[in-house]
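**Student:** Sequence unavailable; structure follows:
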Ligand code: G3P
Ligand code: MG
């Protein structure tokens, strides 16, 4: 059982723009702000360990060259991703998925785990993540929602653990995205805010799916989306949205 309860606000990449992305420091800040849920991105190290990182390269977050998939887990887990964000976060390293799940559980945060496979590793990443989650004792798991832009990865994860709710991610609303979400047994279609219209939300809801929207940083926009029937938003500015998100999103 996942326990995912559709919080109206989900801190994007752990702590949004308030901490280095996809870090334990981000989780701490999200919890301290009063967030109930976070989203983070998960990719495999060279030796098949799931770690939290968004890009296939290390340039943007670690400030060094190289492909994530070419580094072993012990190298990635020692890599500083705090300093590039701000010197105050020096020493903040890439977390392993297991550590992030444990921390979410301890902080009472629900987690949307986005499977973010490096190109060519879609099946392996989905399988490894699914297997890790299936192996966790129920009391070691936070409330979870699994998602991915990769239908292949999401399907592979579902073959290992079918009991967790799934969401398919797409950049925009289309009949193909909707059909994929339904084929994969998803409970939600998660879409970009760009180009999103009230009709799209109605279409998705009519198909029996929920919708979460990324990345929304303005309270008035979050309110408008909730009025359209969106169940929640991912935000880089949870500090700005928290007062607005006290009201729950659409059921
Ligand atoms: O899951 C929502 C959002 O994180 C998808 O986009 O690129 O930030 O992972 P991205
Ligand atoms: Mg993401």
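**Tutor:** Sure thing, it's come through. Keep in mind that this is a model prediction, so the values were computed, not measured. Numbering: from 1, shown residues only. Ligands and ions are numbered 1, 2, ... in the order given.
**Student:** okay, CA-based contacts and neighbour counts for the rest of this
**Tutor:** Will do.
**Student:** got the contact list for residue 21?
**Tutor:** Applying CA atoms under 8 Å, 6 or more residues apart in numbering, we find residue 21 in contact with 13-15, 53, 61.
**Student:** Most neighbours among those, which one?
**Tutor:** residue 14 (34 neighbours; other CA atoms under 10 Å).
**Student:** and it, which of the three is it?
**Tutor:** Secondary structure for residue 14, judged by DSSP: H, G, I helix; E, B strand; the rest coil, is coil.
**Student:** going forward can the numbers begin at 24, since that is how I track them
**Tutor:** Okay, using 24 as the starting number, the last item reads as residue 37.
**Student:** Would you quantify the distance from it to residue 58?
**Tutor:** According to CA to CA, to the nearest Å, residue 37 and residue 58 sit 10 Å apart.
**Student:** again, but for residue 152
**Tutor:** From residue 152 over to residue 58 the distance is 24 Å, taken as CA to CA.
**Student:** swap in residue 50?
**Tutor:** 9 Å.
**Student:** same thing with residue 38?
**Tutor:** Taken as CA to CA, the span from residue 38 to residue 58 is 9 Å.
**Student:** cool, residue 150 as well?
**Tutor:** From residue 150 to residue 58 the distance is 29 Å (CA to CA).
**Student:** residues shared between the contacts of residue 38 and residue 58?
**Tutor:** Common neighbours of residue 38 and residue 58 (CA under 8 Å, 6+ apart) are residue 261.
**Student:** what ranges do the helices span in the stretch 174-274 of the chain?
**Tutor:** Taking DSSP state H, counting those that start in this stretch to define them, one finds helices in the stretch 174-274 of the chain at 174-183, 198-206, 221-229, 242-251, 261-264.
**Student:** Reformat those as CSV; add distance to residue 25 and mean neighbour count.
**Tutor:** Below are those laid out as CSV (distance: least, CA to CA, whole Å; neighbours: other CA atoms under 10 Å):
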stretch, distance to residue 25, mean neighbour count
helix 174-183, 14, 22
helix 198-206, 19, 16
helix 221-229, 21, 16
helix 242-251, 23, 18
helix 261-264, 23, 22
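**Student:** Any chance of a markdown table for those helices, columns distance to residue 138 and mean pLDDT?
**Tutor:** Shown next, in a markdown table, are those (distance: least, CA to CA, whole Å; pLDDT from 0 to 100):
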| stretch | distance to residue 138 | mean pLDDT |
| --- | --- | --- |
| helix 174-183 | 7 | 98 |
| helix 198-206 | 15 | 98 |
| helix 221-229 | 22 | 98 |
| helix 242-251 | 25 | 97 |
| helix 261-264 | 22 | 96 |
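**Student:** As CSV, those helices with distance to residue 69 would be great.
**Tutor:** Shown next, in CSV, are the helices of the stretch 174-274 of the chain (distance: least, CA to CA, whole Å):
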stretch, distance to residue 69
helix 174-183, 17
helix 198-206, 29
helix 221-229, 37
helix 242-251, 39
helix 261-264, 33
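**Student:** returning to what we had before: tell me which of residue 50 and residue 58 has more neighbours.
**Tutor:** Set residue 50 next to residue 58 and count neighbours by other CA under 10 Å: residue 50 wins out with 28 against 25.
**Student:** same for the helix ranked longest in the chain, what does it pack against?
**Tutor:** In terms of residue count, the longest helix belonging to the chain (DSSP state H) is helix 145-158. Applying 3 or more CA pairs under 8 Å, 6 or more residues apart in numbering; DSSP states H and E, one finds that helix 145-158 contacts strand 73-75, strand 133-138, helix 174-183.
**Student:** how about 6 Å then?
**Tutor:** Contacts defined by 3 or more CA pairs under 6 Å, 6 or more residues apart in numbering; DSSP states H and E place helix 145-158 against helix 174-183.
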